[in-house]
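3D model of this:
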Amino acid sequence: MSIYKGIFSTQWSSGNIEIHVKGGILMSFYIKLLFKNWSISEIKPSKKTVLVEFDRPSKNVEVVKTTLFSYQRIITEKLVRTRITKINIPRACVRSMYKFIVNRGSVVGIPELYMSIIRKSIIEPLEYNAQKDGFSLMHASSFMYNKKTFVIVAGSKIGKSTLILNLTRKNNVNVLSDNYCFINGNIIRTIEEPFRSGRPKRFKTTFYNRSISGRPDIYEGKADFIIHLKRGAENSLNNLNAINMQMIINEINEHEKEGINYITETDPIWLEKQNLNLSDKLKFFTLSIAEGIENVDIAINQLKKLA
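The predicted structure is shown next:
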């Protein structure tokens with residue numbers, strides 16, 4: 001099923017990134033549902049532009065195929081253009097039905113399809129621009145507590161979102177990001193992305209069957225702590241050095257394989273992996289949490305002592 005321009009057009013601005021979408025009424029609905037801060041009426045002047053189009057493929061530009069959609073990519077000095085040329089809606093619907101019937105939360109269906117398109121056409125170009133500015137992607141949540149900024153790095157399903165959710169229920173915390181964070185020295189940069197919360201439920205139609213509990217503003221500023229979150233036999237908080245933390249973050253990125261270092265090398269925004277620039281002004285720790293929801297609160301109390 002191909003979706004072409006003319007159905008819907010919108011544009012929005014996030015910081016100094018101007019974003020245009022042409023075509024795709026369902027995509028517009030999903031953006032307004034999950035990324036409301038991007039849907040504004042006035043466009044501010046920007047240094048760089050991310051353009052998303054739903055259109056027929058251009059000649060002489062390679063088409064890259066994924067499981068459920070195809071796209072083309074064109075870049076210039078100030079523009080990253082992603083053209084979605086084909087979306088396999090029927091196949092996505094079948095996969096969604098299978099996910100509900102068999103109760104397989106990791107299957108990519110309709111909700112994940114649109115988040116995948118947003119990652120491909122918006123988040124990946126934002127990462128490309130960030131890396132050009134010296135920032136590297138981390139699979140991380142971040143929040144501000146008692147005027148200190150914490151970055152929590154961990155792989156999928158380790159408990160970042162659960163930790164943040166429990167933290168915000170009882171404390172005055174400003175959540176900055178749920179799943180992605182860029183870093184350069186001790187400066188972090190976030191993107192607007194929906195917060196996921198609660199346990200996955202079989203018939204939830206949101207991203208990976210989890211509730212959406214909030215949406216952050218864009219943040220760029222100094223970080224104080226980077227915490228590696230992991231599961232352990234007991235609760236503990238231990239010091240790490242920058243070398244160990246960089247190895248841990250590299251291992252997580254390698255395992256998750258998200259971002260422009262892991263897309264096909266024929267994609268013009270593919271970039272080779274680079275070492276993270278971690279400032280010695282940061283403090284590094286590993287936080288082990290034992291099984292059981294009661295241990296999350298114990299871990300939170302250990303983090304609060306750092307601030």
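
closest to the centroid, which residue in the chain?
By CA atoms, centre = their mean, the chain has its centre lying nearest to Y180, at 4.0 Å.

surely that residue and I123 touch.
Yes - taking CB atoms under 8 Å as the definition, Y180 is a contact partner of I123 at 7.0 Å. For glycine as for every other residue, the C-beta is placed from the backbone atoms N, C-alpha and C.

where does the stretch 1-150 of the chain have low pLDDT?
Counting by pLDDT under 70, the low-confidence segments of the stretch 1-150 of the chain come to 1-47, 98-112, 114.

quick one: the helices in it, in order.
Secondary structure of the stretch 1-150 of the chain, counting by DSSP state H, counting those that start in this stretch: helices at 25-34, 89-102, 110-118, 124-132.

may I see the buried residues of stretch 218-228?
Buried residues in stretch 218-228, counted by 16 or more other CB atoms under 10 Å: I218, Y219, A223, D224, F225, I226, I227, H228.

now the terminal residues of it, how far apart.
Length of stretch 218-228, first residue to last, CA to CA, to the nearest Å: 23 Å.

to the chain's geometric centre, what's the distance from it?
15 Å (CA atoms, centre = their mean, to the nearest Å).

residues in contact with that stretch: which ones?
Outside stretch 218-228, the residues that touch it by CB atoms under 8 Å, 6 or more residues apart in numbering are 14-15, 37, 140, 142, 148-154, 176-177, 183, 186-192, 240, 245, 248, 278, 281-287, 303, 306.

give me the buried entries from the residues you listed.
Buried among the contacts of stretch 218-228 by 16+ other CB under 10 Å: 14-15, 140, 142, 148-154, 176-177, 183, 186-192, 240, 245, 248, 278, 282-287, 303, 306.

where does R196 land on pLDDT?
R196 carries a pLDDT value of 65.

low-confidence ranges in the stretch 201-307 of the chain?
The stretch 201-307 of the chain contains residues with pLDDT under 70 at 201-216.

let me see the ranges of the strands in it.
Assigned by DSSP state E, counting those that start in this stretch, the strands in the stretch 201-307 of the chain fall at 211-214, 220-222, 225-231, 236-240, 283-289.

and the third one with strand 236-240, angle?
Between the axis of strand 225-231 and that of strand 236-240 there is an angle of 130 degrees, by axes from the mean of the first three to the mean of the last three CA atoms, to 10 degrees.

which residues sit in contact with A154?
H139, A140, K160, H228, L229, K230, I252.

and the closest residue to the fourth one other than its chain neighbours, what does it touch?
On the basis of CB to CB, 6 or more residues apart in numbering, the spatially nearest residue to H228 that is not a chain neighbour turns out to be T286, at 4.4 Å. T286 makes contact with I227, H228, K230, L237, N238, L240, I248, according to CB under 8 Å, 6+ apart.

what are the bridge partners for T286, then?
Counting by DSSP bridges, T286 forms beta bridges with H228, N238.

distance of it from A299?
Here the criterion is CB to CB, to the nearest Å. By it, T286 lies 11 Å from A299.

which neighbours do those two have in common?
With CB under 8 Å, 6+ apart, T286 and A299 have common neighbours L237.

and of the contacts of A154, the nearest to K59?
Within those, proximity to K59 (CB to CB) peaks at H139, which comes in at 37.2 Å.
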